[in-house]
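Trainee: A predicted structure for the sequence below; I have some questions about it.
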2 protein chains.
Amino acid sequence: MKRRLLLVSNSTLHGSGYLQHCQQNVAEFFGRDVKRVLFVPYALHDRDAYTKTARDAFRTLGYEVDGIHEAPDPVEAVRRAEAIFIGGGNTFRLLKSLYDNKLVSEIRRRVLEDGAPYMGSSAGSNVATVSINTTNDMPIVYPPSFAAIGLVPFNINPHYLDADPNSRHMGETREQRITQYHEEPDTPCVLGLREGSMLLVEGNKATLLGSTRARLFTRGKPSVEFDPGCDLSFLLTQ
Amino acid sequence: MKRRLLLVSNSTLHGSGYLQHCQQNVAEFFGRDVKRVLFVPYALHDRDAYTKTARDAFRTLGYEVDGIHEAPDPVEAVRRAEAIFIGGGNTFRLLKSLYDNKLVSEIRRRVLEDGAPYMGSSAGSNVATVSINTTNDMPIVYPPSFAAIGLVPFNINPHYLDADPNSRHMGETREQRITQYHEEPDTPCVLGLREGSMLLVEGNKATLLGSTRARLFTRGKPSVEFDPGCDLSFLLTQ
C-alpha cells in the first residue's frame, strides 16, 4: 500500500506560530518531489483567510498552496493534486463540505491507490480516520454520515487532554467521553493525540512523532500510553 | 400555552450530590399534584443504575420514579406520564434513542398541548430545545437528525464554561465554538447555562434561576450576561 499520512493533533502549539511546532516534520513528509499542496479550508468559515494562513506557512518551507475552494471543480482538483492538506476547525462543517463536494471517496482513492501524500491537522486528522465519532467539536451542522475518509482503521481524538484534578467543572473528562464511545458496540480503537504529537503513516508502518505522548483507548481494555518514537504499526492491522 | 419546563445546566454541582443543588427548585416545580415522574435514562449506557440514582434522589423529595425503559411501550408511558424528567449523559445517544423509540413528537405533544411538566438536566436540557447543535458531547452515535423536541425556540449550551486565561490548551473555547455555530445561516440564540444555573419556563414566561449567571449568544450581536432572577421571556418569542 502506497499510503503516506501525517496526522497532526493541532496546527498551533501554545506560544508558537501556525504549524511552527511541526514544520520540520512537514518538510520531511512532503520532501523535495512535491511542489504544490492542495489545501482544504472547509473547516473554517473564512476560506480565503484560512488559505492565506496555510499559504504563508507552506511558502516558508518551499511549497506552493492551492485552495480547493478556488478551483472550478474540486473533484478534479483532488485528481490533479500532488499532495493534500486538510486543516483544522469544525469537524462537522468539514466533513459535510467534503460530502457536499463529493470528495470523500476521491480523496480516499488518491491517497490509498495513487499514494498522494495526505496531511491533516486536528479536524483534518479526524476526517482521515474511520469516523468523526471522536471529535471534540460542536455539531454545528449535520453531515450525511459520521463515516469519514477511512485512510486508517482506527479513530483519533486530537487535542487529547488529561483530566485536571483541580477542576471543579462537572462536564465529562475527555477520557470519560471516549469511554462512552466504547460502550457502543463494534467501535474501533481511539488514539488520543496530545497537543504537540502527530502520527506518521508510511504504507503499513505507523510512528508516533512530536514532543508529547499519546494515549490509546481500546474497547474493553485498559488504555495505554506511548512515547514519541514508538512504532504503532499494529494499529494499521486491527 | 400550558408549557412548564425546568431546564437545568447540570445534575451534579461540584462537592454536592445528584440534583442536590437544585432540589428545592425541583420540588417547587413538580409541586404536590405530581406523584410519579417518568424518567428517561437513555443518555447513559446503564439505564437501570441511572434510574436507581434518579429514583433515590426523587424519593427524598416525595416523588416516585418510573424508568421509561422498564415500560413495555415507551410511547404509551409518555402518554400516561404525569411528568417527565430526561437526565444528562451523552446527547447524541439520548436523541437517537428518543427517535428510535418514536418519542420526540409524543413528548412535544404531551408538554405543549397537555401541559405535562418537563424537567431536563444537561443533555436532557439540550434535547428540549430547537436542536442539539450546541451540545458539548462527543458524537458517539449518529442520530437521524440534530432537530430536537423543540419545547423552546432557542438552543442551550449546558455546563457553559468561561475561557481559562491561564490555559495553554489550544482547542477552541466554548465561546469560539458557539461563534462557529452562529457563522452558519439561520441559527437561533444560544443560552449558555453555567453550572449551577437553570431556566424555569411557565407558559410564555422564562426566568433564570440558580446560583450562577447565564450568557446569551445571538447571531450577529454581542453576547450578553444575565443574573439569576432575570426575566428571559423575550427568548420565547424570538
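Mentor: Ah, there it is.
Trainee: rest of the way, CA atoms for contacts and neighbours
Mentor: Will do.
Trainee: Please list the residues of chain A that sit near chain B.
Mentor: A:10, A:12-14, A:45, A:90, A:132-142, A:145-146, A:159, A:168-171, A:177-178, A:180-181, A:183-184, A:195 (Cα under 8 Å from any Cα of the partner chain).
Trainee: Take these and keep only those in helices.
Mentor: Mapping the residues of chain A next to chain B onto helices (DSSP state H) picks out A:177-178, A:180-181, A:183.
Trainee: longest single helix anywhere in chain A?
Mentor: helix A:47-59.
Trainee: Could you list every helix and strand that it packs against?
Mentor: When contacts are defined as 3 or more Cα pairs under 8 Å, 6 or more residues apart in numbering or on different chains; DSSP states H and E, helix A:47-59 sits against strand A:64-67.
Trainee: Name the strands paired with the strand it packs on and say parallel or antiparallel.
Mentor: Using DSSP bridges, strand A:64-67 pairs in its sheet with strand A:36-40 (parallel).
Trainee: Endpoint to endpoint, stretch A:134-143 covers what distance?
Mentor: Taking Cα to Cα, to the nearest Å as the measure, stretch A:134-143 stretches 15 Å from start to finish.
Trainee: so is A:P188 in a helix, a strand, or just coil?
Mentor: Recorded secondary structure, A:P188: coil (DSSP: H, G, I helix; E, B strand; the rest coil).
Trainee: For it, grab the count of nearby residues.
Mentor: 19 (other Cα atoms under 10 Å in any protein chain shown).
Trainee: all strands of chain A, in order?
Mentor: A:4-8, A:36-40, A:64-67, A:84-86, A:118-121, A:155-160, A:190-194, A:197-202, A:205-210, A:214-217, A:224-226 (DSSP state E).
Trainee: Which residues does the third one contact?
Mentor: Yep, that's strand A:64-67 we're talking about. A:35-41, A:48, A:51, A:54-55, A:58-59 (Cα atoms under 8 Å, 6 or more residues apart in numbering or on different chains).
Trainee: And the average pLDDT for it is what?
Mentor: Taken as a whole, strand A:64-67 has a mean pLDDT of 98.
Trainee: So what does the residue at the greatest distance from the centre of chain A look like in phi/psi?
Mentor: The centre of chain A is farthest from one residue, A:R168, which by Cα atoms, centre = their mean lies 30.8 Å away. Dihedral angles of A:R168 (phi, psi; degrees, to the nearest 10) stand at phi -100, psi 0.
Trainee: before we move on, the earlier item: are any of the residues of chain A next to chain B buried, and if so which?
Mentor: A:10, A:12-13, A:45, A:90, A:132-142, A:146, A:159, A:169, A:171, A:177-178, A:180-181, A:183, A:195 (16 or more other Cα atoms under 10 Å in any protein chain shown).
Trainee: ok, the residue nearest in space to the middle of chain A - contacts?
Mentor: Centroid-nearest residue in chain A: A:S125, 0.8 Å away (criterion: Cα atoms, centre = their mean). By Cα under 8 Å, 6+ apart, the contact list for A:S125 reads A:7-9, A:86, A:88, A:119, A:156, A:158.
Trainee: Then A:R168?
Mentor: Here A:R168 is in contact with B:H14 (criterion: Cα under 8 Å, 6+ apart).
Trainee: So, low pLDDT: which residues of chain A?
Mentor: A:238 (pLDDT under 70).
Trainee: One more pass at 90, please.
Mentor: Along chain A, the model assigns pLDDT under 90 to residues A:1-2, A:13-16, A:164-171, A:238.
Trainee: can you pull the contacts of the residue nearest to A:L232 when sequence neighbours are not counted?
Mentor: Spatial nearest neighbour of A:L232, excluding adjacent residues (Cα to Cα, 6 or more residues apart in numbering or on different chains): A:A206 at 5.0 Å. Contacts for A:A206 (Cα under 8 Å, 6+ apart) come out as A:199-200, A:231-236.
Trainee: Same check on A:T60?
Mentor: Counted by Cα under 8 Å, 6+ apart, A:T60 has zero contacts.
Trainee: Distance of it relative to chain B?
Mentor: Going from A:T60 to chain B by Cα to the nearest Cα, to the nearest Å gives 23 Å.
Trainee: With A:G115 instead?
Mentor: Applying Cα to the nearest Cα to A:G115 and chain B gives a distance of 30 Å.
Trainee: do the same with A:K102
Mentor: Taking Cα to the nearest Cα, one finds A:K102 at 20 Å from chain B.
Trainee: What number of residues are in the vicinity of that residue?
Mentor: Quick note: A:K102 (other Cα under 10 Å) scores 13 neighbours.
Trainee: now A:A54
Mentor: 23.
Trainee: Show the contacting residues for the closest residue to A:S11 other than its chain neighbours.
Mentor: Distances taken as Cα to Cα, 6+ apart place A:L19 nearest to A:S11, at 5.0 Å, with adjacent residues excluded. Contacts of A:L19 were listed using Cα under 8 Å, 6+ apart, and they are A:11-13, A:57.
Trainee: Of those residues, which pair is most distant in space?
Mentor: A:L13 and A:A57 (14.2 Å; Cα to Cα).
Trainee: on that earlier part again, please save the CA atoms from the longest helix of chain A in CSV.
Mentor: The C-alpha coordinates for helix A:47-59 follow below in CSV (Å, rounded to 0.1, in the frame of the first residue of the first chain):
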residue,chain,number,x,y,z
ARG,A,47,-11.8,30.0,3.4
ASP,A,48,-9.8,32.8,1.8
ALA,A,49,-8.2,33.9,5.0
TYR,A,50,-7.5,30.4,6.1
THR,A,51,-5.9,29.6,2.8
LYS,A,52,-3.7,32.6,3.1
THR,A,53,-2.5,31.4,6.6
ALA,A,54,-1.7,28.0,5.2
ARG,A,55,-0.1,29.5,2.1
ASP,A,56,2.2,31.7,4.1
ALA,A,57,3.3,28.8,6.4
PHE,A,58,4.0,26.5,3.5
ARG,A,59,5.9,29.1,1.4
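Trainee: Other residues contacting it?
Mentor: With Cα under 8 Å, 6+ apart, helix A:47-59 has contacts from A:18-19, A:39, A:41, A:44, A:64-67, A:69.
Trainee: Now for the nearest residue to A:N90 once chain neighbours are set aside, how many residues are close by?
Mentor: Distances taken as Cα to Cα, 6+ apart put A:A43 closest to A:N90, at 4.9 Å, once the chain neighbours are dropped. By other Cα under 10 Å, the residues close to A:A43 number 25.
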